[in-house]
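Novice: Structure of the sequence below:
(one chain, ligands or ions: 1)
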Amino acid sequence: MKDLIVIGGGPGGYVAAIRASQLGMDVALVEKDAPGGTCLNRGCIPTKAYFQNAAVLRTLSGLSEFNARAENIAFDLPGARERKDWIVAKLVSGIRDLLKGYRVEVIAGEASLVAPGRLLVGGEEIVARRLLIATGSEPAVPPIPGVDLPGVVTSDALLETDTLPERLVIIGGGVIGIEFACIFNAFGSRITVLEAMPDILGAMDGEIVRRMGVYLKKQGIEVHTGTVVERIEREGEDLRVTARGKKGPVERPADLVLLAAGRKPFTRGLGLEQLGIACDDRGFIKVDGNYETGVPGIYAVGDVIGGPMLAHVASEEGIVAVERMAGLDHRVNYDAVPSCVFSFPEIAAVGLTQEEAQARGIDFRVGKFPFAANGKALTMGEGDGMVKVIADADDTVIGVHILGPHAGDLIQEAGVVVRNRLKVADVIGTIHPHPTLGEAFLEAVMDVQGRSLHSLPKARR
Ligand SMILES: Cc1cc2nc3c(=O)[nH]c(=O)nc-3n(C[C@H](O)[C@H](O)[C@H](O)COP(=O)(O)OP(=O)(O)OC[C@H]3O[C@@H](n4cnc5c(N)ncnc54)[C@H](O)[C@@H]3O)c2cc1C
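Specialist: Residues are numbered from 1 along each chain as shown. Sure thing, here's the model as predicted:
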């Protein structure tokens with residue numbers, strides 16, 4: 001009998017399996033598709049491969065700033081797709097090697113639950129002391145007439161298309177919608193984003209989102225917020241999307257329509273109901289502080305339990321779940337979860353937004369620093385954006401929001417600061433190398449106390 005069987009080999013499941021093996025457990029992992037899950041096969045990595053193609057195209061089209069010239073710039077989407085698939089295949093094979101190296105038995109097939117400790121895979125029953133469900137999520141298809149028309153696709157299908165749409169309408173201005181908008185805009189598609197909520201990028205800091213709106217417009221991306229899509233129709237060769245906006249109807253023709261209106265837990269065929277595993281009203285599995293479901297011995301982590309639906313959160317939950325099974329006292333710090341948007345410019349954040357700090361009645365101060373005043377950013381031709389830091393009355397840094405070049409890499413330092421409740425003085429006392437983008441973070445932290453050295457005194461700004 002195995003100590004643990006993990007169902008699903010995404011970043012929640014395969015990381016949990018490796019950690020469990022490190023802790024001495026005899027582990028098996030059941031995966032119906034390729035290891036790496038959504039993140040590696042249809043999410044984080046494929047989109048970031050395309051993001052880099054888009055970044056290269058943007059650099060080439062902005063070469064004049066560097067007094068260089070390239071002629072006949074052409075983009076080949078099938079070629080970019082091949083590159084993406086090569087990266088994915090290499091990483092999938094890396095995960096297979098890791099699992100083998102950690103002696104995790106990988107069982108190919110779709111698992112369904114029979115009873116606590118008992119699973120069925122391909123008609124065969126397998127048993128374990130504990131089961132960990134990490135079956136992830138899938139795109140949610142909104143109930144809009146016409147969503148089943150050919151040419152209306154989810155992110156899964158858009159990543160597999162070889163034909164660049166001339167006009168791409170994106171329904172949903174969340175992280176996935178905005179990333180695809182920036183990428184396909186750089187590829188040469190004309191983009192319209194339709195978002196039902198008053199703002200794009202939901203829970204992010206309002207000031208950052210407003211600035212991002214300006215940069216999206218500057219790139220030629222059309223964004224309509226407060227706009228509810230009513231129907232999608234086919235008119236000859238074209239699709240036509242009709243929505244109700246703040247100022248009246250919005251109608252856009254499209255070659256392709258991307259549904260990016262959220263994701264839902266993937267639990268089909270698992271047999272949760274017959275075991276009495278409770279889910280919330282959106283279908284996410286309910287767990288306690290040990291990631292154990294209502295049924296003893298059955299645990300769940302990652303997208304399938306909801307919360308921040310991010311690869312690094314799924315992995316951290318997987319690690320914590322198996323460490324707690326092994327008697328270690330480790331918890332996920334949900335107050336310091338970094339999140340990134342791989343847009344142009346990038347966005348990354350950790351900790352509280354200004355709106356959240358206000359809503360909690362926290363006495364806070366804000367420091368900011370623009371990338372336009374950061375030497376390294378200017379040398380890169382990337383002076384758009386800023387760093388915004390929020391600190392409480394004790395000068396503890398409680399939120400950091402970065403809009404600008406390599407925001408996703410820069411947020412790491414902020415993550416350490418917020419997670420460890422470090423103070424403004426701790427950051428200021430840390431020498432930051434010059435010339436680097438990280439100096440913008442340092443200056444924004446200094447600005448909390450009005451002592452940024454490369455900004456004019458606050459009174460003179
Ligand atoms: C387009 C896109 C871009 C994204 N970009 C980012 C990003 O940049 N950064 C980030 O942090 N997150 C990103 N995400 C989110 C990220 O992919 C998910 O949060 C993450 O993959 C969740 O991990 P998981 O292990 O919970 O589930 P998943 O990765 O969904 O893995 C679940 C696995 O379980 C398997 N499975 C399901 N049911 C069964 C069964 N019954 N038997 C056997 N196997 C089963 C599935 O085949 C799958 O492999 C992105 C998502 C999308 C769609």
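Novice: Tell me which residues of stretch 92-112 come out buried.
Specialist: 92, 95-96, 98-99, 104, 106-107, 110-112 (16 or more other C-beta atoms under 10 Å). For glycine as for every other residue, the C-beta is placed from the backbone atoms N, C-alpha and C.
Novice: Could you export those residues as TSV, including secondary structure?
Specialist: Shown next, in TSV, are the buried residues of stretch 92-112 (DSSP: H, G, I helix; E, B strand; the rest coil):
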residue	secondary structure
92	helix
95	helix
96	helix
98	helix
99	helix
104	coil
106	strand
107	strand
110	coil
111	strand
112	strand
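Novice: Distance to residue 447 and pLDDT for these - can I get that in CSV?
Specialist: Formatted as CSV, the buried residues of stretch 92-112 follow (distance: C-beta to C-beta, whole Å; pLDDT from 0 to 100):
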residue, distance to residue 447, pLDDT
92, 44, 98
95, 42, 98
96, 48, 98
98, 43, 98
99, 47, 98
104, 48, 98
106, 51, 98
107, 54, 98
110, 53, 98
111, 52, 98
112, 55, 97
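Novice: For the ligand, tell me which of those show up nearby.
Specialist: Filtering the buried residues of stretch 92-112 for proximity to the ligand (criterion: C-beta under 6 Å from any ligand atom) leaves 110-111.
Novice: Would you enumerate the residues in contact with residue 357?
Specialist: Contacts for residue 357 (C-beta atoms under 8 Å, 6 or more residues apart in numbering) come out as 364, 390, 392, 398-399.
Novice: ok so, going back, closest to residue 259 out of the buried residues of stretch 92-112?
Specialist: residue 110 (24.7 Å; C-beta to C-beta).
Novice: what's the most distant pair in the buried residues of stretch 92-112?
Specialist: Using C-beta to C-beta, the two most remote members of the buried residues of stretch 92-112 are 98 and 112, lying 26.3 Å apart.
Novice: Quick check, central residue of this protein?
Specialist: By C-alpha atoms, centre = their mean, the mean C-alpha position of the chain lies nearest to residue 310, the distance being 5.2 Å.
Novice: Now do the contacts for that one.
Specialist: With C-beta under 8 Å, 6+ apart, residue 310 has these contacts: 337, 339.
Novice: how about 10 Å then?
Specialist: 11, 39, 43-44, 175, 302-303, 316, 337-340 (C-beta atoms under 10 Å, 6 or more residues apart in numbering).
Novice: filter these by proximity to the ligand?
Specialist: 11, 39, 43-44, 302-303.
Novice: top of the residues you listed by neighbour count?
Specialist: Highest neighbour count within these: residue 302, with 36 neighbours (other C-beta atoms under 10 Å).
Novice: picking that back up, out of the contacts of residue 357, who has the most neighbours?
Specialist: residue 390 (25 neighbours).
Novice: how about the residues of the chain that lie near the ligand?
Specialist: Going by C-beta under 6 Å from any ligand atom, the residues of the chain near the ligand are 7-13, 30-33, 37-39, 42-44, 47, 110-111, 134-137, 155, 176, 266, 269-270, 302-304, 309-312, 314.
Novice: could you pull out the strands for the stretch 201-350 of the chain?
Specialist: 222-224, 228-235, 238-245, 248-254, 256-259, 263-265, 298-300, 339-341, 347-351 (DSSP state E, counting those that start in this stretch).
Novice: With mean neighbour count as extra columns, can I get the ones you listed in JSON lines?
Specialist: Listed next are those as JSON lines, based on neighbours: other C-beta atoms under 10 Å:
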{"stretch": "strand 222-224", "mean neighbour count": "19"}
{"stretch": "strand 228-235", "mean neighbour count": "16"}
{"stretch": "strand 238-245", "mean neighbour count": "18"}
{"stretch": "strand 248-254", "mean neighbour count": "15"}
{"stretch": "strand 256-259", "mean neighbour count": "25"}
{"stretch": "strand 263-265", "mean neighbour count": "20"}
{"stretch": "strand 298-300", "mean neighbour count": "27"}
{"stretch": "strand 339-341", "mean neighbour count": "21"}
{"stretch": "strand 347-351", "mean neighbour count": "26"}
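Novice: Redo those as TSV? Include distance to residue 123.
Specialist: As requested, those are exported to TSV (distance: least, C-beta to C-beta, whole Å):
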stretch	distance to residue 123
strand 222-224	50
strand 228-235	41
strand 238-245	43
strand 248-254	44
strand 256-259	35
strand 263-265	25
strand 298-300	21
strand 339-341	41
strand 347-351	46
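Novice: And those strands: which comes nearest residue 125?
Specialist: Once those are compared by C-beta to C-beta, strand 298-300 is nearest, at 15.8 Å.
Novice: Quick one: mean pLDDT for that closest one?
Specialist: For strand 298-300, the per-residue pLDDT values average out at 98.
Novice: Kindly report the same for stretch 43-57.
Specialist: Averaged across stretch 43-57, pLDDT comes to 98.
Novice: Kindly export it (C-alpha atoms) in CSV.
Specialist: Provided in CSV are the C-alpha atoms of stretch 43-57 (Å, rounded to 0.1, in the frame of the first residue of the first chain):
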residue,chain,number,x,y,z
GLY,A,43,-1.0,28.1,-19.2
CYS,A,44,2.0,29.8,-17.6
ILE,A,45,4.8,28.5,-19.8
PRO,A,46,3.1,28.5,-23.3
THR,A,47,1.8,32.1,-22.7
LYS,A,48,5.2,33.2,-21.5
ALA,A,49,6.9,31.6,-24.6
TYR,A,50,4.5,33.7,-26.8
PHE,A,51,5.1,36.7,-24.5
GLN,A,52,8.8,36.6,-25.4
ASN,A,53,8.0,36.4,-29.1
ALA,A,54,5.8,39.5,-28.6
ALA,A,55,8.6,41.2,-26.6
VAL,A,56,11.1,40.6,-29.5
LEU,A,57,8.7,42.0,-32.0
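Novice: centre of the chain versus that stretch, how much separation?
Specialist: 13 Å (C-alpha atoms, centre = their mean, to the nearest Å).
Novice: List the buried residues for it?
Specialist: Buried-residue list, stretch 43-57, by 16+ other C-beta under 10 Å: 43-55, 57.
Novice: which stretch of helix or strand covers residue 444?
Specialist: helix 438-448 (DSSP states H and E).
Novice: List every C-alpha atom in that helix, with coordinates, as PDB.
Specialist: Extracted C-alpha coordinates of helix 438-448, given in PDB (Å, rounded to 0.1, in the frame of the first residue of the first chain):
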ATOM      1  CA  GLY A 438      15.700  47.300  -8.300                       C
ATOM      2  CA  GLU A 439      16.800  50.800  -7.400                       C
ATOM      3  CA  ALA A 440      13.300  51.900  -8.400                       C
ATOM      4  CA  PHE A 441      11.900  49.700  -5.500                       C
ATOM      5  CA  LEU A 442      14.500  51.200  -3.100                       C
ATOM      6  CA  GLU A 443      13.600  54.700  -4.100                       C
ATOM      7  CA  ALA A 444       9.800  54.100  -3.800                       C
ATOM      8  CA  VAL A 445      10.400  52.700  -0.300                       C
ATOM      9  CA  MET A 446      12.500  55.800   0.600                       C
ATOM     10  CA  ASP A 447       9.700  57.900  -0.700                       C
ATOM     11  CA  VAL A 448       7.400  56.500   2.000                       C
END
